[in-house]
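Asks: no sequence on this one, just coordinates:
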């Protein structure tokens, strides 16, 4: 069962028009429930959330397969950043799960207006992609923790300065990949 091109286009247009609001809601929810780690700037976290939503939007476009790979890479990076933020693995899952809730609430009217077959296929595709993103975020989170243990020989070391640099560098790379994907689509 596959969603129709019209269904995906409708979802993409709705997400595009409410993109900034979605990012703001997601960022506010995260800020409300967790204390921000001093190593990662709040604006960087919000920028990551915006990138993830931009990729979700691209997963409704014709180059959705390429966007899906970018989604996996961005979610893995998000998991690594979550480890730096000091989150537990369950919190990483919960943060991306909240994206699912925000998307479903935002898209509920559009999905309900679609024929049953297309609405079910669209929701299933959305859920499948979010689930795969969660798995990748956990992989990134786990990899970051293991790298930290090996590099510090299991001894926690506090960072003397923000480690935001690596996160921003990876974020810029992912944003560049998204821009190239959008150029292909144009």
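Replies: Ah, there it is. Worth saying up front: this structure is predicted, and the values here are computed from it rather than measured. Numbers count the residues shown, from 1 in each chain.
Asks: residue contacts, the residue nearest the centre of the chain?
Replies: Nearest to the mean C-alpha position of the chain, by Cα atoms, centre = their mean, lies residue 52 at 3.4 Å. For residue 52, the contact set (Cβ atoms under 8 Å, 6 or more residues apart in numbering) comprises 71, 74-75, 78, 99, 133. For the C-beta atoms, the positions are set from N, CA and C on the backbone; glycine is no exception.
Asks: For the residue nearest to residue 177 when sequence neighbours are not counted, which residues are in contact?
Replies: Spatial nearest neighbour of residue 177, excluding adjacent residues (Cβ to Cβ, 6 or more residues apart in numbering): residue 70 at 5.6 Å. Taking Cβ under 8 Å, 6+ apart, we find residue 70 in contact with 55, 58, 174, 177-178, 181.
Asks: Residue 13 versus residue 70, what's the distance?
Replies: Per Cβ to Cβ, to the nearest Å, residue 70 is found 20 Å from residue 13.
Asks: Okay, the nearest residue to residue 23 once chain neighbours are set aside and residue 74: tell me how far apart.
Replies: Nearest residue to residue 23 in three dimensions, chain neighbours excluded: residue 50, at 4.6 Å (Cβ to Cβ, 6+ apart). Between residue 50 and residue 74 the computed distance is 11 Å (Cβ to Cβ).
Asks: what's the answer for residue 20, then?
Replies: Distance, residue 20 to residue 74, using Cβ to Cβ: 18 Å.
Asks: So the two - more neighbours on which side?
Replies: Between residue 20 and residue 74, counted using other Cβ atoms under 10 Å, residue 74 has the larger neighbour count: 27 against 10.
Asks: Next one: the more buried one from residue 180, what distance?
Replies: 14 Å.
Asks: Also residue 127?
Replies: Distance, residue 127 to residue 180, by Cβ to Cβ: 27 Å.
Asks: Same question for residue 67.
Replies: 11 Å.
Asks: more neighbours, the two?
Replies: residue 67 (25 against 12).
Asks: wait, that one sits on residue 59?
Replies: Yes: applying Cβ atoms under 8 Å, one finds residue 67 in contact with residue 59, separated by 4.5 Å.
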